[in-house]
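[1] quick one: sequence plus predicted model below, questions after.
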Amino acid sequence: MQERLISVELDDWQANGVDSAALAAALEDGKVLYFPKLAFAMSEAEQRFLSPAWSDGKAKNIGYDGAIDKLKGAQGDAADLAALKAMVKRYRESSINLITSLFPHYRQHLRIAQTSFRPSRVEGRVSSWRKDDSRLHVDAFPSRPNHGERILRVFNNVNPQGEPRQWRVGQRFDDVAARYLGQIGRPLPGSAALMNALHITKSRRSEYDHIMLQLHDRMKADPDYQANSPQLAFGFPPGSTWVCFSDQTPHAAMGGQFMFEQTLHLPVNGLHHPECSPLRVLERMRGYRLVA
Ligand SMILES: [Fe+2]
């Protein structure tokens with residue numbers, strides 16, 4: 001399972017001299033790209049933000065929405081919030097720089113989504129098995145159908161006490177799909193239109209979204225899969241960055257505190273190897289198209 005993690009010697013968010021095609025092939029195959037020397041620099045003054053006290057207590061993360069230039073889920077006075085926002089924004093820019101310099105081909109296709117700063121501890125914040133991210137899962141969100149659009153995430157550990165971000169990384173997406181797809185039925189006729197009309201979903205849920213949610217839930221609800229499927233436990237140390245397609249790579253967050261994360265979206269046709277995407281894998285297995 002060690003091959004699920006590809007280590008890349010890079011210490012600059014502007015990537016130079018990397019084998020872009022090989023890294024894209026690994027990433028799009030569902031591997032985790034691990035940059036042990038790629039730290040996110042925080043100033044002396046910004047060290048004060050390494051505390052859960054900046055979280056407003058309602059949201060589990062502090063989020064930044066670049067489209068409206070707004071920080072959410074944080075509390076503090078105006079000057080502190082402006083400094084906190086500037087730090088999170090800098091992480092967003094660093095992440096975009098990393099991805100577009102590693103994969104110039106993605107540049108024209110990327111849709112930049114939320115940036116998050118996670119000052120709370122991973123352990124002990126679980127409210128239900130479905131929300132328990134210490135269970136291996138692929139990302140799929142009930143209210144946000146994505147019709148096959150990819151979820152690419154850039155993570156960085158900024159823990160000041162040397163504490164690693166503990167993850168488990170699971171087997172290839174094809175193997176997960178092979179394990180569960182036969183058990184997953186088709187969505188009920190009319191259910192997608194109804195959920196959309198009731199605003200349970202933000203757009204109409206495709207059969208692809210239906211299957212991805214089922215995979216997410218079935219993986220988390222399966223103790224045998226959690227305990228016995230091939231997996232790699234790994235601690236990402238402070239000062240390191242890692243990148244994966246979280247809709248494809250089974251992952252579980254087991255422990256740690258103080259992390260940044262940037263989400264980017266990419267259409268399947270923006271990939272180097274669209275045939276490796278969850279959408280195309282599932283369509284091959286089902287034998288028909290899963291998005292209208
Ligand atoms: Fe996740």
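    Received, thanks. Numbers count the residues shown, from 1 in each chain.

[2] next, count neighbours for the nearest residue to residue 14 once chain neighbours are set aside.
    Excluding the flanking residues, the one nearest residue 14 by Cβ to Cβ, 6 or more residues apart in numbering is residue 101, at 5.2 Å. Using the backbone N, CA and C atoms, a C-beta is placed for each residue, glycine as well. Using other Cβ atoms under 10 Å, residue 101 is surrounded by 17 other residues.

[3] separation between residue 101 and residue 259?
    Distance from residue 101 to residue 259, counting by Cβ to Cβ, to the nearest Å: 22 Å.

[4] now residue 141
    Residue 141 is 19 Å from residue 259, by Cβ to Cβ.

[5] now residue 75: how far from residue 3?
    43 Å.

[6] likewise residue 141?
    Per Cβ to Cβ, residue 141 is found 29 Å from residue 3.

[7] between the two, who's got more neighbours?
    Neighbour count, other Cβ under 10 Å: between residue 141 and residue 3, residue 141 has more, with 15 against 9.

[8] quick one, strands of the stretch 151-292 of the chain?
    165-170, 231-236, 241-245, 251-255, 259-266 (DSSP state E, counting those that start in this stretch).

[9] ok and the third one relative to strand 251-255, angle-wise?
    With axes from the mean of the first three to the mean of the last three Cα atoms, to 10 degrees as the criterion, the two stretches strand 241-245 and strand 251-255 enclose an angle of 150 degrees.

[10] you'd agree residue 101 is up against residue 15?
    Yes: Residue 101 is within contact range of residue 15, at 4.1 Å (criterion: Cβ atoms under 8 Å).

[11] who are the packing partners of the lengthiest helix in the chain?
    For the chain, the helix with the greatest residue count under DSSP state H is helix 78-102. Packing partners of helix 78-102 (3 or more Cβ pairs under 8 Å, 6 or more residues apart in numbering; DSSP states H and E): helix 20-28, strand 62-65, strand 70-72, strand 111-118, strand 150-157, strand 241-245, strand 259-266.

[12] if you count neighbours, what's buried in that helix?
    83-85, 87-88, 90-92, 94-96, 98-102 (16 or more other Cβ atoms under 10 Å).

[13] by mean pLDDT, flag the weakest helix or strand of the chain.
    Ranked by mean pLDDT, DSSP states H and E, the weakest helix or strand in the chain is helix 191-197, scoring a mean of 87.

[14] so which bits of it are buried?
    Quick answer for helix 191-197 (16+ other Cβ under 10 Å): 192, 195.

[15] how far away from the center of its chain is it?
    26 Å (Cα atoms, centre = their mean, to the nearest Å).

[16] show me what that helix packs onto, helices and strands only.
    Looks like helix 191-197 contacts no helix or strand (3+ Cβ pairs under 8 Å, 6+ apart).

[17] residue 136: neighbouring residues, count only.
    For residue 136, the neighbour count with other Cβ under 10 Å is 23.

[18] surely it meets residue 231?
    Yes: counting by Cβ under 8 Å, residue 136 touches residue 231, with 6.7 Å between them.

[19] shared neighbours, those two?
    Listed contacts common to residue 136 and residue 231 are 168, 170, 250; contacts here mean Cβ atoms under 8 Å, 6 or more residues apart in numbering.

[20] so where's the stretch 1-150 of the chain uncertain?
    Residues of the stretch 1-150 of the chain meeting the criterion pLDDT under 70: 125-126.

[21] check contacts around residue 29.
    172, 273, 276.

[22] quick check: phi and psi on it?
    Dihedral angles of residue 29 (phi, psi; degrees, to the nearest 10) stand at phi -90, psi 0.

[23] and it, how far from residue 176?
    On the measure of Cβ to Cβ, residue 29 and residue 176 end up 14 Å apart.

[24] again, but for residue 68
    Residue 68 is 35 Å from residue 176, by Cβ to Cβ.

[25] and what of residue 289?
    21 Å.

[26] and the helices and strands packed on helix 78-102: which comes nearest residue 212?
    Among these, the nearest to residue 212 by Cβ to Cβ is strand 150-157 (10.0 Å).

[27] packing partners of that closest one?
    For strand 150-157, the packing partners by 3+ Cβ pairs under 8 Å, 6+ apart are helix 78-102, strand 241-245, strand 259-266.

[28] which ones are touching residue 242?
    32, 33, 34, 35, 154, 155, 156, 236.

[29] related to what we said a few turns ago, ranking the strands of the stretch 151-292 of the chain by burial, who's on top?
    strand 241-245 (a mean of 25; mean count of other Cβ atoms under 10 Å).

[30] for residue 48, see how far away residue 121 is.
    Taken as Cβ to Cβ, the span from residue 121 to residue 48 is 18 Å.
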